[in-house]
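In: Requesting a structural model of the entry that follows:
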Amino acid sequence: MSTVAISKSPPVVVQPSEPVTSTSDINLSSYDRHLVSRPATAFFVFERPMHEPVETIKRGLSRALLDYYPIAGRLAAGATAGDVVIKCTGEGVSFVAASTSCAIKDVKDLSDPSLKEELGVFYDGRCRYSDPLVLMQVTVFSCGGFVLCVTWNHSVADGVGMGQFMQAVGELSRGVPSPSVVPVRQPDSLILGPPPVFTKIMQLLGSLQPTQLALLDITIQSSLIRRIKDKYSSMNSGQPCTVFEAVAAVLWWCRARAISSDPEALTVLFFPTNARAYAGAKEGYYGNCLVWRLATATTHAVANGDVMDLVKMIHAAKDRVPDQSDMEELLHLPDWYDLLRITSWRNIGFQTPDFGAGTPTRVMAHSPPQRDLPKCTACIPSMDEYNVLSTCVKEDHTSAFLYELADMHLNYI
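Out: As a prediction, this is how the structure comes out:
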């Protein structure tokens, strides 16, 4: 239970600042449809004080919904079986104003799960068609700083799209006449759909029986990432290693060593990448446009190999479109605990929203206690370090996983 007392006002509905004139239904694309009932949540921490943040953000949100009018609508079944549409009803989104009598700097741990439950607003389980597509809460602290939580139905926007929307809310809150990026949402803005095997993989993953996993909030120091990047570049004729590749390699390596699987068993790392260039998406498209990439190796090769080799495998996976052979490998995995899903929040726009007091000091993810497949939300913007919210190991393997992470920070050269 959180020790920070937060007072919440009843939710209100924020509608577009003017009546919505475009009322045509928007069909969800094949990138969107598998996410219809899945929520996503992000917290934005602003430590610098701001005058009337609640009313300022509420006004900006109302103005943004005029440009992003589908977000003010509701989901409904389409005319064809299996189709889902956004009905542009202009009903609006849910908004909660909250406050607390303490200062942000006095809070020992903003990432404490019980505190996040108070700082956030969430759907009751999975998203329903009748629910608003966005829920927002602004909690103002005594110092004038605030935490903004946004929870959304993942089918309406991916992380890049929500980052773009939040940037627009910030711009309009500051009095900018119109968003700097013109939003696009119609699915005909995409030239190519996802690869055929993509849908099969998503259906398979959705059918798996999840397990209870430990929730860990991890910090990977930038000094370790710099060492890995520098070493990789020096060993590969100056070829760069990205932050994500380095962070993912660290997590994959440490986890493989901690869970002690059959050394000859296959372990699969899979991660989404922005497919807007692949799909020919128009600039400003904010719907889902992600494809999954897969890197596979034996547990022995990952746990006992060089981290440089893992970086190379991840780098190669980013350039390869999954095919039927990947589906076959997934089907023959002996244990779904050998899967690891990593999602990166780096460079998706979550570090850019500015409502008048500057950009966020920190961004936080949310992972409610539930049975799930092993996953990490990585590279969450957090000063000069890389935050990871992890549910990737069972409770029995937590100590070993944290030991491997600590040992790598101390001893990796």
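
In: Just list the residues touching V243, thanks.
Out: For V243, the contacting residues are 225, 229, 346, 379, 386, by CB atoms under 8 Å, 6 or more residues apart in numbering. In short, each C-beta sits where N, CA and C put it, glycine included.

In: To clarify, my last question referred to W252.
Out: Per CB under 8 Å, 6+ apart, neighbours of W252: 267, 269, 295, 302, 310, 314, 340, 342.

In: quick check, nearest of those to L61?
Out: L61 has its nearest neighbour among the contacts of W252 in I342, at 31.0 Å by CB to CB.

In: Pretty sure R255 is one of the things the closest one touches, is it not?
Out: No - if you go by CB atoms under 8 Å, I342 and R255 don't touch, sitting 10.1 Å apart.

In: could you pull out the helices for the stretch 301-413 of the chain?
Out: Counting by DSSP state H, counting those that start in this stretch, the stretch 301-413 of the chain has these helices, from start to end: 307-318, 324-331, 398-411.

In: Out of the ones you listed, which one sits most buried?
Out: helix 307-318 (a mean of 19; mean count of other CB atoms under 10 Å).

In: What are the contacting residues of that one?
Out: With CB under 8 Å, 6+ apart as the criterion, helix 307-318 contacts 228, 231-232, 235-236, 241-242, 244-246, 248-250, 252-253, 269, 271, 273, 293-295, 297, 301-302, 412.

In: coming back round to it: out of the contacts of W252, which is most surrounded?
Out: Neighbour count (other CB atoms under 10 Å) singles out V302 as the most crowded of these, with 28 neighbours.

In: on that earlier part again, ok, of the contacts of V243, which one's closest to E171?
Out: R346 (21.8 Å).

In: Based on its surroundings, how many neighbours for the nearest residue to the closest one once chain neighbours are set aside?
Out: Among residues not flanking R346 along the chain, C379 sits closest, at 3.5 Å (CB to CB, 6 or more residues apart in numbering). Look at C379: counted by other CB under 10 Å, it has 24 neighbours.

In: need the contact list for C379.
Out: Neighbours of C379 in contact, by CB under 8 Å, 6+ apart: 243-244, 247, 344-346, 386-388.

In: Roughly how far does it sit from G60?
Out: Distance of C379 to G60, computed by CB to CB, to the nearest Å: 27 Å.

In: Name the helix or strand for Q137, please.
Out: Taking DSSP states H and E as the criterion, Q137 maps to strand 134-140.

In: Give the pairing partners of that strand; include direction for each.
Out: Counting by DSSP bridges, the strands paired with strand 134-140 are strand 93-100 (parallel), strand 146-153 (antiparallel).

In: Look up how far W336 lies from the closest residue to L402 other than its chain neighbours.
Out: Spatial nearest neighbour of L402, chain neighbours left out: L216 (7.4 Å); criterion: CB to CB, 6+ apart. Distance of L216 to W336, given as CB to CB: 19 Å.

In: got it, and R126?
Out: Taken as CB to CB, the span from R126 to W336 is 21 Å.

In: between those two, which one's more packed in?
Out: W336 (15 against 11).

In: Tell me the one of the contacts of C379 nearest S155?
Out: Among the contacts of C379, and counting by CB to CB, the member closest to S155 is W345, at 18.8 Å.

In: if I pick that closest one, what's in contact with it?
Out: 42, 159, 363, 365, 377-381 are the contacts of W345 under CB under 8 Å, 6+ apart.

In: now these in TSV, with distance to S173?
Out: Formatted as TSV, the contacts of W345 follow (distance: CB to CB, whole Å):
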residue	distance to S173
A42	17
G159	21
V363	18
A365	23
T377	26
A378	29
C379	26
I380	23
P381	20
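
In: quick one on the thing from earlier: surely the residue nearest to L402 and N387 touch.
Out: No - L216 is beyond contact range of N387, at 11.1 Å (criterion: CB under 8 Å).
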